[in-house]
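S.K.: below: sequence and its predicted model.
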Amino acid sequence: MNPLYAEWYDGKTFSTDWTSRHLGVWEDLLLGRRLEPLHILEIGSWEGRSAVFFMRYFPNSHLTCIDTFAGSAEHHLREKWSSQLSQIEDRFDANLLEFRGRIEKLKTTSFRGLARLVVSERMFDIVFIDGSHHSADVMADAVLTWPMVKDGGVVIFDDYDWNQDLDEVQKPRLGVDAFLATRPGQYRELHRDYQLIIEKTAG
């Protein structure tokens, strides 16, 4: 991790780190927008590690986070994660406390949270989709989010190359690919590896 990024997490509490390995890619793709007054949407926040990065890296931004803070099926099935679930929301709140004037927390499902934002006619410059791993849920999150992404906005799909030994329908890739198949000519691909990152060009 960039030493500067490491300093951003001093004094904060996390039980996992699924974010740091991606920060270099995010920086490369988003450096030119760093000082813009961006509106960022995060679906799936866990303890707030990626949210801290967004708040620090984009100092003039506003972040909306959607999470139930109840964990997903895989979190309940593995003791190393299930033992942390009761503390996830408290850690998120503590880790993001210093940014309370720039952050909005929606404690709800992505469907309910996104529906609320759609009705409010909200628009976003950056969207990070990292909620459920199930392909149908990922596609639903993308479908609901897309009308709120500004032209030129960036969408980050996490876990695109998630290699768990599960049926493909239980992994994000199928949902991401199905969504993108319905949006020909509306995006350009910026990055494809563990994450898939696109820029909206139209629609």
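M.R.: Here it is on my side, so go on. Residues are numbered from 1 along each chain as shown.
S.K.: which other residues reach stretch 126-137?
M.R.: Judged by C-beta atoms under 8 Å, 6 or more residues apart in numbering, the contacts made with stretch 126-137 from elsewhere in the structure are 30, 38-44, 50, 54, 66-67, 72, 74, 110, 138, 141-142, 145, 148-149, 153-159, 162, 168-176, 178. (Glycine included, C-beta is placed from N, CA and C.)
S.K.: pull up the distance across it, start to finish.
M.R.: With C-alpha to C-alpha, to the nearest Å as the measure, the first residue of stretch 126-137 is 19 Å from its last.
S.K.: then stretch 17-29?
M.R.: Across stretch 17-29, the terminal residues are separated by 21 Å (C-alpha to C-alpha).
S.K.: with stretch 141-157 instead?
M.R.: 10 Å.
S.K.: could you list the buried residues of it?
M.R.: D141, A142, L144, T145, W146, M148, V149, G153, V154, V155, I156, F157 (16 or more other C-beta atoms under 10 Å).
S.K.: and the longest strand along the chain, which strands flank it?
M.R.: As far as residue count goes, and with DSSP state E defining each element, the longest strand of the chain is strand 149-157. Here strand 149-157 is paired, per DSSP bridges, with strand 124-129 (parallel), strand 196-200 (antiparallel).
S.K.: low-confidence ranges, this protein, go.
M.R.: For the chain, applying pLDDT under 70 flags the ranges 1, 71-83.
S.K.: which residue ranges form the strands in it?
M.R.: With DSSP E applied, the chain shows strands at 39-43, 62-67, 103-107, 124-129, 149-157, 187-192, 196-200, listed in chain order.
S.K.: what does the fifth one rub up against?
M.R.: Outside strand 149-157, the residues that touch it by C-beta under 8 Å, 6+ apart are 26, 29-30, 123-130, 138, 142, 145-146, 172, 176, 187, 190, 195-202.
S.K.: can I have the buried ones of the residues you listed as a ChimeraX selection?
M.R.: Buried members of the contacts of strand 149-157, defined by 16+ other C-beta under 10 Å, are picked up in ChimeraX with:
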select :26,29,30,124,125,126,127,128,129,130,138,142,145,146,172,176,187,190,195,196,197,198,200
